[in-house]
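S.K.: Attaching a predicted model along with its sequence, questions to come.
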Amino acid sequence: MSGALVSFEQVAFGYTRSRQIFTGLNFQLRRGALTVVLGPNGIGKTTLLYMALGWLQPSSGQVFLENKPLEEYSRAELGQRIALVPQTERQPYSYTVLEYVLFGRAPHLALFGSPGKADLLAARQALARAGIPNLADAYVDQLSGGEGQLVLIARALAQEPRVLLLDEPSAHLDLGNKYRLMQTLSDLRNGGTTILMTTHDPEIALTLSDETVLVDGSGSVAVGAPAQVLTAEKLSRLYHLPEGALEVRLTHPGIVLRSF
Amino acid sequence: MNDDASLLKAQPERAQNNGMWAVLAAALLLLLVLSVFLGRYPQAGFLGLNQLRDNLLAQRLVIHVRLPRLLTALLLGMVLAASGTVFQMIFANPLVEPGFLGVSQGAAFGAALAIVFFSASAVAVQGMAALFAFAGLGFSYLLARRIRVGSWLLRLVLAGIVVSALFSAGLGIVKYLADPLRQLPEITFWMLGSLASVTWGKFLAVLPACLLGLGVIFSFRWRLNLLALDETTAFSLGAAPRRERLIMMIAAVLATSAMISVAGMVGWIGLITPHIARRLVGSDTRWNLPVAILLGSGFALICDDLARVLTAGEIPLGILASLLGAATFMILMVRGSVKGARG
């Protein structure tokens, strides 16, 4: 229990009573680790992430943050501890990137407060850590997909959270942006941030994660070191591929589809 | 709707707080002072300083008629601009205004009811208008909680449309029952909006509700930004989006319904002033809310000055506000879409 920052205990969840997504989910998020949740589209990865955020509540069982159930934290306390980088975000108004990243300071401010000098500094530092200090004065609705993703990460970092949750951060990125994103996440992990992210890309799980959580629709998950969890056999079953369709290479991590 | 709305997204020329509010506040003060001297007594136009000193009637007119009316116009503009900003943030849509969600139609129904069935006493008309304006929000909210489809905001919009339609049908029935010579014109004039009958008593009666609503909105103005974000995002930032949206809506509608009860229906101010403010100082409500409030009060004051001075019979305020408001909005839209067509 000591190394666990977030733990799911006997968690069950379903959007409708007839279709349960999780039935007996147990897993622990190790402090300081980068954990990747892998599974096909629509299997419940985001659901799992939103339960870790406290946005969705399990129908039975509990989610703990530092040995205390999530629902016992106040809204502000939770905002100071857990940050979310959503997959996409609607930007109704034309904020500057700095204004937008400052929103991350909200959980640290009083209800009637507004950000001051210290918050401005924290926001600028967050921009630097996300690798986009030069974007501070750009407008959020004029950014490319990759830049937008980094702005959301910077806003989450401005929260100074203990856990960073990311929902499919690489989903809309090209190769270059994907590489830069993975570099940023890896740097953050090395700097001590605990990260939980979802992806449907096994290669990201294999190359980036310390621990991999495989969501296979069985109601629970398989957790372990990537090499342990990401076997050709398990992946083939997960994605309904014929036996021998793919090969997992661990020496130079990568997953290749066999040539035809 | 969002795509159309994005055309209207403000592109601020200079972001952040650039002292714009101080310039506007000074201009507003000047406007207020000029308005005190402006009127149709003893002649149309400005009152001379020595006239004010020598003419007792002019003095009394300024103190008992003109001043409360000017202050009410200021308050009206402030309330509509602040509430408009709140609604545009909560619904993440620059095209909504505070009368939305059954509030305007509720007020009209309430006022008509009082005119026809409660002998049109001023107290009854005001009370019923405020009551039903608030009831409009209440019904919309409760109905939205029972609708089963769509996101929370979509449900609120749907509920608002339904409640507005019900009140507007109710208004139709009351109009049909009204005495066409006496009551019907009164309903019609009420709906056109006017500050002609404002007294110190009326101003002071609505002041507490307006100040309370404005105070809450003003103190909350930075956090209002969070409520325009996706619900999950707002939640992840430590907000309680539903509760906070409800509190802000109540504050906005409290002030708006109090104002509607004395001024009748005055549209457009709540729609355009937040928009102009965003364009002047950027999207952060910490900076644009004060600017919107100043613009709103200036706009209301100018419209009411015109209403008082242009003709002896007084053009209703609501008509002037719509005319000037729609014209301004049209200009903004044309210029905005040219600017929006970048890249």
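M.R.: Arrived safely, thanks for sending. Source: prediction; values computed, not measured.
S.K.: need the helices for the stretch 101-250 of chain B, in chain order.
M.R.: B:103-117, B:122-146, B:152-177, B:183-192, B:200-219, B:231-236, B:241-263 (DSSP state H, counting those that start in this stretch).
S.K.: now the strands: where do they sit in the stretch 1-150 of chain A?
M.R.: In the stretch 1-150 of chain A, the strands defined using DSSP state E, counting those that start in this stretch lie at A:4-14, A:20-30, A:34-38, A:60-65, A:68-69, A:82-85.
S.K.: The first one packs against which elements?
M.R.: What it means is strand A:4-14. Counting contacts by 3 or more Cβ pairs under 8 Å, 6 or more residues apart in numbering or on different chains; DSSP states H and E, strand A:4-14 packs against strand A:20-30, helix A:45-53, strand A:60-65. The way it works is simple: take the backbone N, C-alpha and C, and place the C-beta from them, glycine included.
S.K.: Go through these and name the closest to chain B.
M.R.: Evaluated over these, closeness to chain B peaks at helix A:45-53, with 5.9 Å, by Cβ to the nearest Cβ.
S.K.: Report whether that closest one contacts chain B.
M.R.: Yes - judged by Cβ under 8 Å from any Cβ of the partner chain, helix A:45-53 comes into contact with chain B at A:50, A:53.
S.K.: Residues touching that helix, excluding its own?
M.R.: By Cβ atoms under 8 Å, 6 or more residues apart in numbering or on different chains, the residues outside helix A:45-53 that reach it are A:6, A:8, A:11, A:13, A:15, A:21-22, A:25, A:29, A:37-39, A:56-58, A:63, A:82, A:84, A:87, A:163, A:165, A:167-168, A:196, A:198-200, A:213, A:215, A:221, B:232, B:235-236.
S.K.: Likewise for stretch A:103-119?
M.R.: Stretch A:103-119 is contacted by residues A:75-80, A:83, A:102, A:122-123, A:126, A:154-160, B:219-223, B:225-226, B:229, B:237-239, B:286 when judged by Cβ under 8 Å, 6+ apart.
S.K.: Quick check: end-to-end length of it?
M.R.: Counting by Cα to Cα, to the nearest Å, you get 10 Å between the two ends of stretch A:103-119.
S.K.: buried residues in that stretch?
M.R.: Going by neighbour count (16 or more other Cβ atoms under 10 Å in any protein chain shown), the buried part of stretch A:103-119 is A:103-109, A:114-115, A:119.
S.K.: I'd like to know which of those is nearest to residue B:269.
M.R.: residue A:114 (25.5 Å; Cβ to Cβ).
S.K.: still on that earlier bit, quick check on the contacts of helix A:45-53: which are buried?
M.R.: Buried among the contacts of helix A:45-53 by 16+ other Cβ under 10 Å: A:6, A:8, A:11, A:13, A:21-22, A:25, A:29, A:37-39, A:56, A:58, A:63, A:82, A:84, A:87, A:163, A:165, A:167-168, A:196, A:198-200, A:213, A:215, A:221, B:232, B:235-236.
S.K.: I'd say residue B:262 and residue B:193 touch.
M.R.: No - in this structure, residue B:262 is not within contact of residue B:193 by Cβ atoms under 8 Å, at 10.0 Å.
S.K.: And the strands in the stretch 1-150 of chain B?
M.R.: Under DSSP E, counting those that start in this stretch, the stretch 1-150 of chain B gives strands at B:38-39, B:45-46.
S.K.: which one of those lies closest to chain A?
M.R.: strand B:38-39 (36.8 Å).
S.K.: how far is that closest one from where the chain is centred?
M.R.: 24 Å (Cα atoms, centre = their mean, to the nearest Å).
S.K.: Count the residues that sit near the residue in chain A positioned nearest to chain B.
M.R.: Chain B sits closest to residue A:79 of chain A, with a gap of 2.2 Å, by Cβ to the nearest Cβ. Applying other Cβ atoms under 10 Å in any protein chain shown, we find 26 residues neighbouring residue A:79.
S.K.: Please name the residues that touch it.
M.R.: Residues near residue A:79 by Cβ under 8 Å, 6+ apart: A:106-107, A:159, B:236-239.
S.K.: Between these, which sits nearest residue B:198?
M.R.: residue B:239 (38.5 Å).
S.K.: Distance of the residue nearest to the closest one when sequence neighbours are not counted relative to residue B:88?
M.R.: Counting by Cβ to Cβ, 6 or more residues apart in numbering or on different chains, residue B:239 lies nearest to residue B:226, which is 4.9 Å off, once chain neighbours are set aside. The span separating residue B:226 from residue B:88 equals 14 Å under the rule Cβ to Cβ, to the nearest Å.
S.K.: Kind regards, and thank you for your time.
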